[in-house]
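1. I would like the atomic coordinates for the input below:
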Amino acid sequence: MLKKISAESIKELRSKTGAGMMDCKKALEASEGHIDLAIETLRKKGLALADKKSNRIATEGIIESYIHAGSRIGVLVELNCETDFVARQPEFYKLAKDIAMQLAACQSVYYISKDDIPQEVLLYEKSIELQKEDLVQKLPEIKEKIVEGRIQKRLKDLCLINQLFIRNPEITVEELVKQHIALLGENIKIRRFERFLLGEGLETKKNSFTQEVSKMINKK
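-> The predicted structure follows:
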């Protein structure tokens, strides 16, 4: 006999995963009401569905913006889907807004995924690691393994999809997108983004008080 699942449990699971109501109900029934097990079930299902759709062409979507409080940081992001219908859905719009907010918060992120990182950046990161003092006495084969591990970690830090989602640190941005692929039934791609920092690239005036006084005296 199936355990009766409350509407509150279904609502809680839906808010945590973004899955449909019936999927949440079935996952809770299968896990006998255990939220954590139901979340794991839905994640596996979502990842499987998302992987099947990942090669489908996505040319529709929206360009979303986010301006942080104080208007000193701004982000533009293009999020693609397969149809204009999905692009108009509130869940898709919210996803785009959340991604833009994530980019404003993660200013060390410069790429969407590791596939977007230029070869020269990879070579530069490797050269930096190879010169670190703690590796000088290591055997070449051991040094290579350590460097490779550190580079992979560094590359993840540079990529958007590997970041923990700021609204739910239990999942990555990649998992967030895949959840929405499962929810909306279409492939979704983060195509590109641009981050704007107020005053970035401009020379700032750094004259000291002493220099200002000296200038005033010399004018007399």
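2. tell me where the chain has helices.
-> Using DSSP state H, the helices found in the chain span residues 7-17, 21-30, 35-53, 84-87, 90-105, 119-130, 140-158, 173-184, 209-219.
3. need these in CSV (columns: mean pLDDT).
-> Below are those laid out as CSV (pLDDT from 0 to 100):
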stretch, mean pLDDT
helix 7-17, 80
helix 21-30, 83
helix 35-53, 71
helix 84-87, 92
helix 90-105, 96
helix 119-130, 84
helix 140-158, 83
helix 173-184, 88
helix 209-219, 55
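4. please convert those helices to a markdown table, extending it with mean neighbour count.
-> For every residue, glycine as well, the C-beta is placed using N, CA and C. As requested, those are exported to a markdown table (neighbours: other CB atoms under 10 Å):
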| stretch | mean neighbour count |
| --- | --- |
| helix 7-17 | 16 |
| helix 21-30 | 18 |
| helix 35-53 | 17 |
| helix 84-87 | 16 |
| helix 90-105 | 19 |
| helix 119-130 | 13 |
| helix 140-158 | 13 |
| helix 173-184 | 22 |
| helix 209-219 | 9 |
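5. can I get those in a markdown table with distance to Tyr66?
-> Below are these laid out as a markdown table (distance: least, CB to CB, whole Å):
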| stretch | distance to Tyr66 |
| --- | --- |
| helix 7-17 | 22 |
| helix 21-30 | 29 |
| helix 35-53 | 24 |
| helix 84-87 | 18 |
| helix 90-105 | 4 |
| helix 119-130 | 26 |
| helix 140-158 | 20 |
| helix 173-184 | 14 |
| helix 209-219 | 38 |
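6. quick one: closest of those helices to Arg167.
-> helix 90-105 (6.3 Å; CB to CB).
7. so which residues make contact with that closest one?
-> With CB atoms under 8 Å, 6 or more residues apart in numbering as the test, helix 90-105 has contacts from 18, 61-62, 64-66, 68, 73-77, 79, 81, 86, 109, 160, 163, 165-167, 173, 176-177, 180, 183-184, 188, 190, 193, 195.
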